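Peer 1: Here is the input, now give the coordinates:
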Amino acid sequence: MSYRLTKIYTKSGDEGQTGLGNGKRVNKDDPRVEAYGTVDELNSAIGLLSATELPKPQLSWLNAIQHQLFDLGSELCIPESRVLDKTYTDILEQQIDEMNSQLEPLKEFILPGGNEAAARAHLARAICRRAERRVLTLHHQDPVSQHSIIFLNRLSDWFFVFARFILKLQNGQEVLWKNPKQS
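Peer 2: Numbers count the residues shown, from 1 in each chain. The predicted model follows:
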């Protein structure tokens, strides 16, 4: 195996620019950098979630998603690159259906929380929504694969259901939103 990163700092970004995967230099606040940077932030949040007590099958799901997000980040880092396809979203939908079939239907809005794992899953969901917005901002300027946009949209749904599912597995209680007008 060859070493790809022999030096961590290069000083080439000290003036506020970074290199894309195709070698092009862009500002660090470029919509493309914002998009893949937010995907990286989401991946880190999933790493934090994975550090909690979770069953092995669910840890495996999270690990697979981290790899998929790495694929997405590489796609976003190289203009006109296409890595994700429909199978990424299909897997999420199957898992959503599997988890949701074991949950009670929602009658009220729920607040993020309940326990540490569920709270971290909700944080990942919120970061995923931001990543989706950043990718859409990029898409309006420079078209991105529709599969990537759909994947992020579905992934945020996945994290919502995952938070509820983990809370149930760990015998936690959902925190229901209380409408102040009904108190």
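
Peer 1: helix, strand or coil for the closest residue in space to Asp142 that isn't next to it in sequence?
Peer 2: Leaving aside its chain neighbours, Asp142 sits nearest to Pro79 (6.3 Å; criterion: CB to CB, 6 or more residues apart in numbering). Any C-beta I mention is one placed from the backbone N, CA and C, and that applies to glycine too. Classification of Pro79 by DSSP: H, G, I helix; E, B strand; the rest coil places it in coil.

Peer 1: How many residues are close by Pro79?
Peer 2: By the criterion of other CB atoms under 10 Å, Pro79 has 16 neighbours.

Peer 1: Also Glu80?
Peer 2: Number of residues near Glu80 (other CB under 10 Å) recorded here: 10.

Peer 1: Strands of the protein, residue ranges please.
Peer 2: For the chain, applying DSSP state E gives strands covering 17-19, 25-27, 110-111, 175-176.

Peer 1: measure the residue nearest to Asp142 to Glu132 for me?
Peer 2: 19 Å (CB to CB, to the nearest Å).

Peer 1: repeat for Val83
Peer 2: In this view, Val83 and Glu132 are 17 Å apart by CB to CB.

Peer 1: what does Lys178 give?
Peer 2: 29 Å.

Peer 1: who's more crowded, those two?
Peer 2: Neighbours per residue (other CB under 10 Å) separate Lys178 from Glu132, with Glu132 holding more: 23 against 11.

Peer 1: So the more buried one sits against Ile149, correct?
Peer 2: Yes. Glu132 is within contact range of Ile149, at 7.1 Å (criterion: CB atoms under 8 Å).

Peer 1: so what's Leu76 up against?
Peer 2: Leu76 makes contacts with Arg32, Ala35, Tyr36, Val39, Val135, Leu138, Val144, Ser148, as judged by CB atoms under 8 Å, 6 or more residues apart in numbering.

Peer 1: which stretches of this structure form helices?
Peer 2: 31-50, 56-77, 86-100, 116-141, 146-169 (DSSP state H).

Peer 1: and Ile110, which of those helices is closest to it?
Peer 2: helix 146-169 (7.4 Å; CB to CB).

Peer 1: which other helices and strands contact the closest one?
Peer 2: Secondary-structure packing of helix 146-169 (3 or more CB pairs under 8 Å, 6 or more residues apart in numbering; DSSP states H and E): helix 56-77, helix 86-100, helix 116-141.

Peer 1: for the shortest one, packing partners?
Peer 2: Other elements packing on helix 86-100 under the criterion 3+ CB pairs under 8 Å, 6+ apart are helix 56-77, helix 146-169.

Peer 1: do you know which of the helices of the chain lies nearest Glu108?
Peer 2: Among these, helix 146-169 sits nearest to Glu108 (CB to CB), with 12.5 Å.
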